[in-house]
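Asker: Everything below, folded, please.
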Amino acid sequence: MSETRHSVCALDCPDACGLVLKITDGRATRIQGTPGHPVTQGFLCGKVARYLEREYSPQRLTRPLRRIGAKGEGRFEPISWDEAFTTITDRFRATIADYGAEAILPYSYGGSMGLLQANGMDRRFFHRLGASRLDRTICAAAGTAGLTATQGLRYGLEPEAFVHSKLIIAWGANVLATNVHLWPFIVEARRRGARFVVIDPVRTKTAALADQHLRINPGSDLALALGLLHLIFENGRADRAYLEAHATGWPELRETVRAYTPARVAAWTGLPEAEIVALAHAYCETNPTAIRLNYGVQRSERGGTAVRAIAMLPVVTGAWRHVGGGLQLSTSQAFHFNRQALEMPELQPAPTRLLNMSELGSALTRVDNPPVKALFVYCSNPAAVAPDQGTVLAGLRRDDLFTVVVEQFQTDTADYADLVLPTTTFLEHTDLYGAYGHHYVQLARPALPPPGQARSNVEIFRELARRMGFTEPAFTESEDDMIRGILSSGHPHLDGITLERLDQERSVRLNLGEGPFQPFKEGGFGHPDGKANLDPAGLDYVPPVESRHGDAALRALYPLEFLSPKNHDSMNSTFGNRADVDAQTAVLHVNSADAAARGIGDGDAVRVFNSRASLVLRAAVDGVVGPGTVSSPSLRWPKRQPGGRNINALVSERLTDIGGGATFYSCLVQVEKCAG
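Answerer: You can find the predicted model right below:
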């Protein structure tokens, strides 16, 4: 007997795809994108097209586990849920009695983009507990800060509008790997005559298919943005009418960028002066022009300010006036969900401290008054994804740190846990989804039963609240109650979008009017005056410390800039258990000139190292990176790497200029051929 069921992809991706599953005799036999969905358009990325392998993997966790070996060994025995909950609540009460509730730290991020599983009952529980709060900065905080500084709102060009663009610039955006459902709109725009340019230090699959690839030096995006602004003003191509009506600070910006001549910018970026001038000319002379800016740009020391400056470009040229003109980094704020009703920060008995997740190593090894004595991890794998991995693992090995991990697989972080709790996949629970790459609200109901004793995050935290004696109504709300609260913001974008309608239609576009959404056509920026903020204070370019133009002493020891872009067939560490993904992420791309200078051949084992760590990878001398840069796709599970470390062991805890983000792409290393 066969039937069709529907779901929504919860992976950390702007596309937030609608899914259709074929169910035969109660088992899913096929998964595909929802036909007719305006963005999903019936197809899936290679990652989710194989998701049923993960769903039915014999490696799935199905019972609560208790550690019986040393931390990091990964040896466990099964226990009951009652034993697990009793252990957690007893340890939490003891920790609170001895050190206070702030000694407990939740750690989570984008393991699920579902609002209920990642931002709902968990937030309520830890708020009520009085635990330390987590500053969730590791991926997008710097870009969010930069975009908001200029626009005031995280609004963006929607994918459907890209077909109207005549010049599309993918800036730090490997669309085919991280936003594949934008690609058909780019293809259609090119069919209509658009030109497609990629700005990226790495020759990605997207860059290889572009009309032009500008191979910029890592971390120099701010310099290029300031150079483009210089040329726009210098050549009289700024849209003065738009600026006077809808922006502040632009006269000061015009004066500031005078110093960023093509010659100076070329020296920093590694791009020929002629290419910089030609790009500025094309950007000014073409209408409409779209920039697809992605988060790779903001993972360097000046990354937040780089986003801020890039977001100024469509304001200065007035590109926002036109259908198909503007910029997309994120569309997330257009949803205007009632996050207060979802997360309920008012449950906190008192204000609590905020610890930056990008500094987890320091939080676990240096923070005091109180120290972190209990760590509760869900929707993340910090042993693999957090920077300064050596310090993170040292913290996770602490005998006095009580660690709980909620997971689907036995990840590296799970190996260090005292308790591991099995959780559901997005095919097995109810959730509500927005998106950061389109404008459709989507509802998913369980399409499949969970294996064994796996429970959803909502169920786990609801039961923990009950056992801790929390009696507030927030902890007995059903998933449907929570969804109704999320939709209750009263914002016009959500008018008429109800749980009942979503149950019937599954996917509903925000109320954004007829035709393509033009958020800033007539101003309407998110600052109090309704104008874009182009004040140039703090907009100067200073090369990252760990870069080819940074600290000279460091460069003498570690002369190569190291990048770790997303792997095409995996999502951070989510699919790290697969052998093919492990092979793909065990590679170091090296330029032929750098390889020759070190006697390295294609396929050789090489040691990549700095003062923080040393790893052995396989060299690929293939033209992916330019001279002075090496690159390894992220992200291998550390326990599959000799020495038990992955590439994040090379990365420092240094934070971005604004937003407090991680500087994964400001990292210097040396590479040598392995003896023997």
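
Asker: So what does the residue nearest to Glu53 when sequence neighbours are not counted look like in phi/psi?
Answerer: Distance criterion C-beta to C-beta, 6 or more residues apart in numbering; nearest residue to Glu53, sequence neighbours excluded, is Arg578 at 7.7 Å. Just so you know, the C-beta spots here come from the backbone N, C-alpha and C atoms, and that holds for glycine as well. Note on Arg578: its backbone torsions stand at phi -80, psi 140 [degrees, to the nearest 10].

Asker: Repeat that for Asp418.
Answerer: According to degrees, to the nearest 10, Asp418 has phi -80, psi -40.

Asker: quick one, what contacts it?
Answerer: Arg66, Arg67, Thr87, Phe402, Thr403, Val404 (C-beta atoms under 8 Å, 6 or more residues apart in numbering).

Asker: So which of those is the closest to Ala620?
Answerer: Nearest to Ala620, judged by C-beta to C-beta, of those is Thr403 at 36.1 Å.

Asker: any idea how far that closest one lies from Arg455?
Answerer: 19 Å (C-beta to C-beta, to the nearest Å).

Asker: repeat for Ala70
Answerer: From Ala70 to Arg455 the distance is 28 Å (C-beta to C-beta).

Asker: ok, the two, which is more surrounded?
Answerer: Using other C-beta atoms under 10 Å as the criterion, Ala70 and Arg455 rank with Arg455 on top: 20 against 12.

Asker: and that one, what pLDDT?
Answerer: On the pLDDT scale, Arg455 is placed at 98.

Asker: That one pairs with what?
Answerer: Thr423 (DSSP bridges).

Asker: got the contact list for it?
Answerer: Counting by C-beta under 8 Å, 6+ apart, the residues that Arg455 touches are Trp81, Leu421, Pro422, Thr423, Thr424, Glu463.

Asker: Would you write a ChimeraX line that selects the buried entries of these?
Answerer: Command for ChimeraX that selects the buried part of the contacts of Arg455, burial taken from 16 or more other C-beta atoms under 10 Å:
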select :81,421,422,423,424,463
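
Asker: now the contacts of Arg455 as JSON lines including pLDDT and distance to Cys667?
Answerer: What follows is those, written out as JSON lines (pLDDT from 0 to 100; distance: C-beta to C-beta, whole Å):
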{"residue": "Trp81", "pLDDT": "98", "distance to Cys667": "42"}
{"residue": "Leu421", "pLDDT": "99", "distance to Cys667": "34"}
{"residue": "Pro422", "pLDDT": "98", "distance to Cys667": "35"}
{"residue": "Thr423", "pLDDT": "98", "distance to Cys667": "32"}
{"residue": "Thr424", "pLDDT": "98", "distance to Cys667": "36"}
{"residue": "Glu463", "pLDDT": "98", "distance to Cys667": "42"}
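
Asker: Can you tell me which of the contacts of Arg455 comes closest to Pro272?
Answerer: Thr423 (51.2 Å).

Asker: surely the closest one meets Val404?
Answerer: No. Thr423 is not in contact with Val404 according to C-beta atoms under 8 Å; the separation is 11.6 Å.

Asker: Spatially nearest residue to Arg254 (excluding sequence neighbours)?
Answerer: Phe233 is the one closest to Arg254 (C-beta to C-beta, 6+ apart), at 4.6 Å.

Asker: In three-state terms, how would the one you found be classified?
Answerer: helix (DSSP: H, G, I helix; E, B strand; the rest coil).

Asker: right, and it touches Val316 too?
Answerer: Yes. Counting by C-beta under 8 Å, Val316 is a contact partner of Phe233 at 7.4 Å.

Asker: so what's in contact with the two at the same time?
Answerer: Leu253.

Asker: Looking at those two, which is more packed in?
Answerer: Neighbour comparison, Phe233 and Val316: the larger count goes to Val316, with 26 against 19 (by other C-beta under 10 Å).

Asker: Quick one: residues contacting that one.
Answerer: By C-beta under 8 Å, 6+ apart, the neighbours of Val316 are Leu229, Ile232, Phe233, Ala238, Asp239, Leu243, Ala247, Trp250, Leu253, Leu534.

Asker: Could I get the pLDDT score of the last one?
Answerer: According to the per-residue confidence, Leu534 scores 98 in pLDDT.

Asker: now the second one
Answerer: At Ile232 the predicted local distance difference test score is 98.

Asker: Run through the residues that contact it.
Answerer: Applying C-beta under 8 Å, 6+ apart, we find Ile232 in contact with Ala238, Ala280, Tyr283, Cys284, Leu313, Val316, Thr317.

Asker: Leu650: which of those residues is nearest?
Answerer: Nearest member of the contacts of Ile232 to Leu650, counting by C-beta to C-beta, is Leu313, at 32.5 Å.

Asker: That closest one: what's it in contact with?
Answerer: Contacts here follow C-beta under 8 Å, 6+ apart; on that basis Leu313 touches Ala225, Leu228, Leu229, Ile232, Tyr283, Ile291, Ala319, Leu327.

Asker: Which single one of these is nearest to Arg124?
Answerer: Leu327 (35.0 Å).

Asker: how many neighbours does the closest one have?
Answerer: There are 27 residues near Leu327, going by other C-beta under 10 Å.

Asker: and it, which of the three is it?
Answerer: strand.

Asker: partners of it in the sheet?
Answerer: Counting by DSSP bridges, Leu327 is bridged to Ile291.

Asker: Doesn't Gly523 belong to a helix?
Answerer: No. Assigned with three-state DSSP, Gly523 falls outside any helix and is coil.

Asker: Surely it is in contact with Gly530?
Answerer: Yes. Between Gly523 and Gly530 there is a contact under C-beta under 8 Å: 5.3 Å.

Asker: Pull up the overlap in contacts between those two.
Answerer: What both Gly523 and Gly530 touch, as defined by C-beta under 8 Å, 6+ apart, is the set His246.

Asker: Quick check: pLDDT value at Arg292.
Answerer: So Arg292 comes in at 98 (pLDDT).

Asker: Okay, it and Ala189: tell me how far apart.
Answerer: For Arg292, the distance to Ala189 - C-beta to C-beta - is 11 Å.

Asker: Repeat that for Leu129.
Answerer: As for Leu129, its distance to Ala189 is 50 Å (criterion: C-beta to C-beta).

Asker: just Gln504 next, same as before
Answerer: 33 Å.

Asker: Settle it for me: which of these two has more neighbours?
Answerer: For Gln504 versus Ala189, the count of surrounding residues by other C-beta under 10 Å is larger for Ala189: 23 against 10.

Asker: What strand or helix carries that one?
Answerer: helix 183-191 (DSSP states H and E).

Asker: in the stretch 101-250 of the chain, which spans are strands?
Answerer: Secondary structure of the stretch 101-250 of the chain (DSSP state E, counting those that start in this stretch): strands at 104-107, 133-135, 167-171, 195-199, 212-214, 247-248.
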